[in-house]
Structure formats: structure tokens, C-alpha cells
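A.B. asks: Here you go, sequence then predicted model.
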Amino acid sequence: MKQYTFVSKIMLALTLGALSVFPKQVWAAETAGEAKEISNVNSYLPRDIEHHWAGDKVYDLIHAEIVKGYVEGDRAVIIKPDKKITRAEFVSLLVSALGLKQDREQEPRAFSDIEPNQWYSKPVNIASSLGIVKGVTETTFGPNRNITRGEIAAFITRAFAYTIAFDEANTKPFKDVGWSYWAKREVAKASSVKIISGYPNGTFKPFEYATRAEAMVMLSNALYLEENAVPSDKTLLEAVKTGEEEEGRALQALDLTRLKEISDSRYIGYHKATRELTSAVLRKFKEAGYNVEVTREGTLNAKVIGKWNRIAVVEVDGVKYHLKASKEGEESLENTQTIKGVVMLKKNPATGGWNVYTSDIPFLFTEEMLSVLGIQ
């Protein structure tokens, strides 16, 4: 059973949950020990997609480290969702998201405009060897040409040909995709599973150049349709429970070295960045002369509520953490964090393991605590 509508709602909830913790980018004095960690968290909170129509799905790709943003002069990160995307950029995004490797038995096409030293040469060669991309002519690829919506539909359906069950008997007709259009079958296949949906007037606009947001949404839609090699519930639950238990022990022991080891091995993306910021804040408390105590109670309950080949959603509850920071002559700072919500995992294409990349679990520290430490 396809899960697209369900997951779209989950992703919106996750986005709002993440932003409720850090509604805007976080800042602290440059001399603070947590400056690097804050910068890492900020890189997953681009300011130009908060109210964008594609925001929920773009946030998800960013949190999972599938998409990266641009850093402006004031260190703020942006995605430029309405900027056009080139053929080379989209192929690189597609190859990276799927962890594709070059076909050893099939040489890539020799394009005269793909130089070996270019940043896009490897992903284009990988995609070419797998039959995902073709050139704009027999000898050229056109890496710097803006990619059309029709080309994206073709590239995606070829890349996901063996992992998505396309339903060609249930395609959506578009008024501007005629029988003579070169990618009519690919567009039909993409529409059959709602990777694309077109415009309200019944058109698809296959020749229109795609924006970065449109490309990311189509890719996101496809990732949540792969169901031919889903992980077992046991694998996912073990990844979540073991990580939380290990982190719980390290938090109670205030073992920052162990927390980093856990973060490096079990988390990626936005979740890893927030875990590193947690360690940095604990370190700053100690440096400021606070006595810090972290206690944990309860047993983690976890249930898989969505899973696909590369992404999974697990619902958790049952555990509470209590943080107390005290300093002589000052009122104690306290907060209780309830582990209740959803976490999302991504499959590591290199190891086959599963890593948590985002969640809607509240941050361990209150705004008052961060303010006392000079963090805004």
C-alpha cells in the first residue's frame, strides 16, 4: 500500500516540530565553545523555505543530508528553492540520494562536454552507465543547461525502475503531453504513482525549466514509494532503542566523549547536529561553574509506522529525562524532556545500517537555560 499522503502529513509535523525547537537560526558569541555546533544546526534550518509551498519535503531532504544549502555572507543558510536547476545538478542530486555506483559491465557514454576534472563528471558517468541519462545530442550531455520538468520525470522513472511499482494502467493524461513527446511514457509512469501531479488546468508543462523545489519534491515523492526491499521492523526498532539507551547512559554520566561517539556512529544530518549541540551546551554549563545532573526514567516504547527502502518512521514514547543545573547563590535551572513523538531514519548506502536523521522530540534545554549561557 502506498504511503505518500500519510508521509506528507508526517513530514509536515516533523518540520513544525523541529522549528518549534529552533524557530529561527541560533546564535552565540564567537568565543563560545558551542559556536561550531550552532553553525551545524543552522545549516539544516535554511531561512528561505520556512513558508514555501515545498517546505516540508525540502526540509526532510535537508535533514537527511540529501540536499545542502548555500551559505550567505552573514552565515545564514538558504536553499534558493525557486532557482532553476541544471541537468548536472539534478543528476548529482539523484545519484547521491540513491547511493548509485557505476555499472562495471557498461561503460558510460563519452560526452564531449563532460571533462574528467569537473565536479559533476562522476555522477553523470554513473547515471550514464546505468542508462538513467542520455545526452541532449549524440555527443553532448549539456551539464549546465537548465533541466526541464519532462527530463526530470524521465530521469526519475529510469532511476527507480526496479524499486517502484509503476501502474501504467492508472496514468494521468496531460493536455500538453502528446503522443509525439519523447518522454510521454516516462511522464505517464511518474503520474501513475503521483511522483508528478501537474497543474490544475490539466497540463504538466514538460518543456518548462524546473525549479530546485520542484526537482526536490519529485525526488522526495519517489523515495517514499520504494517498497520492494523494506527493512524489518526488528532492524529499525533495534537501531532506535539501542541508540536511545546508549545515549541515556552517556547523558547521565555526563560523558561527552561517549556522546560524540554515539552521535558519529548512530546519527546523521539534523539529528546529529542537535545531539552535538546538546553536548556543547552541557560542556558550557560545566565551564560556567554549574553542577549538572541528568536523570532518566521509564522504558522506551517504539513502533514502526512507515518504512520504505531507504527511509523509515518510528513512533516513540515512555522515557523522560530531567536536567538540573545548579550554581551556588543562584536559582537552579530545571527541565523535563519527554521522549514522545516520531523519529526518522535513513539507510546508509555504504554500510546498510540505519541512522536517525531527524525527530520532533523537544530539545533538552529551555530557552531560559540557553539565554543564561548567552545562546539566542
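C.D. replies: In hand now; what should we look at? None of the values given here were measured: they were computed from a predicted structure.

A.B. asks: Could I get the contacting residues of the residue sitting nearest the centre point of the chain?
C.D. replies: Compute the mean C-alpha point of the chain, and by C-alpha atoms, centre = their mean the closest residue is A64, 2.4 Å away. Shown in contact with A64 (C-beta atoms under 8 Å, 6 or more residues apart in numbering): I268, G269, I311, M344, K346, Y357, T358. In this view, the C-beta of every residue, glycine as well, is placed from N, C-alpha and C.

A.B. asks: Okay, and the fourth one sits in which element?
C.D. replies: Going back to what we said before, that points to M344. strand 333-347 (DSSP states H and E).

A.B. asks: what about the next helix or strand after that strand, distance to the chain center?
C.D. replies: The element immediately downstream of strand 333-347 (helix or strand, assigned by DSSP H and E) is strand 354-359. Relative to the chain's own centre, strand 354-359 is displaced by 9 Å; criterion: C-alpha atoms, centre = their mean, to the nearest Å.

A.B. asks: buried stuff in whichever helix or strand comes after strand 354-359?
C.D. replies: For strand 354-359, the following helix or strand on the C-terminal side (DSSP H and E) is helix 367-372. For helix 367-372, the neighbour count (16 or more other C-beta atoms under 10 Å) marks M369, L370, V372 as buried.

A.B. asks: And the closest residue to G341 other than its chain neighbours, what's its pLDDT?
C.D. replies: With C-beta to C-beta, 6 or more residues apart in numbering as the criterion, G341 has its nearest non-adjacent residue at 4.2 Å, and that residue is D360. Per-residue confidence at D360 stands at 89 (pLDDT).

A.B. asks: Kindly report the same for the one 10 residues further on.
C.D. replies: Per-residue confidence for L370 comes out at a pLDDT of 87.

A.B. asks: That one contacts V281, doesn't it?
C.D. replies: Yes: using C-beta atoms under 8 Å, L370 is in contact with V281, at 7.2 Å.

A.B. asks: Check the gap between W354 and V343 for me.
C.D. replies: 11 Å (C-beta to C-beta, to the nearest Å).

A.B. asks: actually L259, sorry about that
C.D. replies: 17 Å.

A.B. asks: of the two, who's got more company?
C.D. replies: Per other C-beta atoms under 10 Å, whichever of L259 and V343 has more neighbours is V343, with 25 against 22.

A.B. asks: Quickly note the distance from the more buried one to A229.
C.D. replies: Counting by C-beta to C-beta, the gap from V343 to A229 is 21 Å.

A.B. asks: Columns distance to Y162 on top of the contacts of A64, output as TSV?
C.D. replies: Shown next, in TSV, are those (distance: C-beta to C-beta, whole Å):
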residue	distance to Y162
I268	25
G269	26
I311	17
M344	24
K346	20
Y357	24
T358	27
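
A.B. asks: Including distance to N125 and neighbour count, could these go into JSON lines?
C.D. replies: What follows is the contacts of A64, written out as JSON lines (distance: C-beta to C-beta, whole Å; neighbours: other C-beta atoms under 10 Å):
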{"residue": "I268", "distance to N125": "26", "neighbour count": "19"}
{"residue": "G269", "distance to N125": "27", "neighbour count": "22"}
{"residue": "I311", "distance to N125": "27", "neighbour count": "22"}
{"residue": "M344", "distance to N125": "31", "neighbour count": "25"}
{"residue": "K346", "distance to N125": "25", "neighbour count": "24"}
{"residue": "Y357", "distance to N125": "28", "neighbour count": "24"}
{"residue": "T358", "distance to N125": "32", "neighbour count": "29"}
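
A.B. asks: Looking at the residues you listed, which is nearest G131?
C.D. replies: For G131, the nearest member of the contacts of A64 is I311. The distance, counting by C-beta to C-beta, is 24.6 Å.

A.B. asks: In contact with that closest one, which residues?
C.D. replies: Residues near I311 by C-beta under 8 Å, 6+ apart: A64, L223, Y224, M344, L345, K346, K347.

A.B. asks: Tell me what it is bridged to.
C.D. replies: Following DSSP bridges, I311 is listed with bridge partners K346.

A.B. asks: Equivalent analysis for T338, please.
C.D. replies: Here T338, judged by DSSP bridges, has bridge partners K320.

A.B. asks: got the contact list for it?
C.D. replies: Contacts of T338 by C-beta under 8 Å, 6+ apart are D317, V319, K320, P362.

A.B. asks: ok, back up a step: and of the buried residues of helix 367-372, the nearest to R158?
C.D. replies: L370 (47.4 Å).
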